[in-house]
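Engineer: The following comprises the amino acid sequence and a computationally predicted model.
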Amino acid sequence: MSFMNSINIVGSGLTAQQLRLDIVAENVTNSQTTRVENGEGAYRRKMVVFEAVSGRDSFRAALARAANGLIPNTGASPTAGGVRVTQIVEDESPMKMVYDPTHPDADEDGYLELPNVDMVKEMADAMAATRAYSSNVTAFNTLKAVIASGLEIGR
């Protein structure tokens, strides 16, 4: 059923954008963290890496299925496209250094290493993720309405 593929695609987008918002929230929360758990210095900003998942078979795979008399888009290969998170990476941009000799995490020269979290970037990422999430919700509601209309035809 093709509408199930559409639901899976929208669901993958919702899940990916929710994770992106979670990472933005973690970055904002740790924007003043000068010491991480394993003691490697200040918190590093994290970013989410997405990858498109193609729901289309290659021509060769479709032809092989047709030659064997199989129904299109069945078998072990995934049929729905969408998006998936491949990894969460740390931003390698330089940390901010401020002079604060009274801070317990300051170095011997009195400089304190602060996280490389930029609130403007985080708010822009949060807004983009929220818009993408909202677009996926709209697509889901539209799909739901189409399915409901299709069921009404059968009455």
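Structural biologist: On my side now, so go ahead. Numbering: from 1, shown residues only.

Engineer: Can you report how many residues neighbour Val28?
Structural biologist: Val28: 16 surrounding residues under other C-beta atoms under 10 Å. In short, each C-beta sits where N, CA and C put it, glycine included.

Engineer: can you tell me the helix or strand for it?
Structural biologist: Per DSSP states H and E: Val28 is located in helix 2-29.

Engineer: Buried residues of that helix, list them for me.
Structural biologist: Across helix 2-29, burial judged by 16 or more other C-beta atoms under 10 Å covers 5-10, 12-17, 20-21, 23-24, 26-28.

Engineer: Mind picking out the helix or strand in the protein with the poorest mean pLDDT?
Structural biologist: None of the helices or strands of the chain scores lower by mean pLDDT, DSSP states H and E than helix 59-67, at a mean of 68.

Engineer: Name the residues that touch the very next helix or strand once past that one?
Structural biologist: Along the chain past helix 59-67, the next helix or strand (assigned with DSSP H and E) turns out to be strand 82-90. Strand 82-90 is contacted from outside by 8-13, 16, 19, 23, 44-53, 55, using C-beta atoms under 8 Å, 6 or more residues apart in numbering.

Engineer: What pairs with the helix or strand just after strand 82-90, parallel or antiparallel?
Structural biologist: Once strand 82-90 ends, the next helix or strand along the chain (criterion: DSSP H and E) is strand 96-99. Using DSSP bridges, strand 96-99 pairs in its sheet with strand 111-114 (antiparallel).
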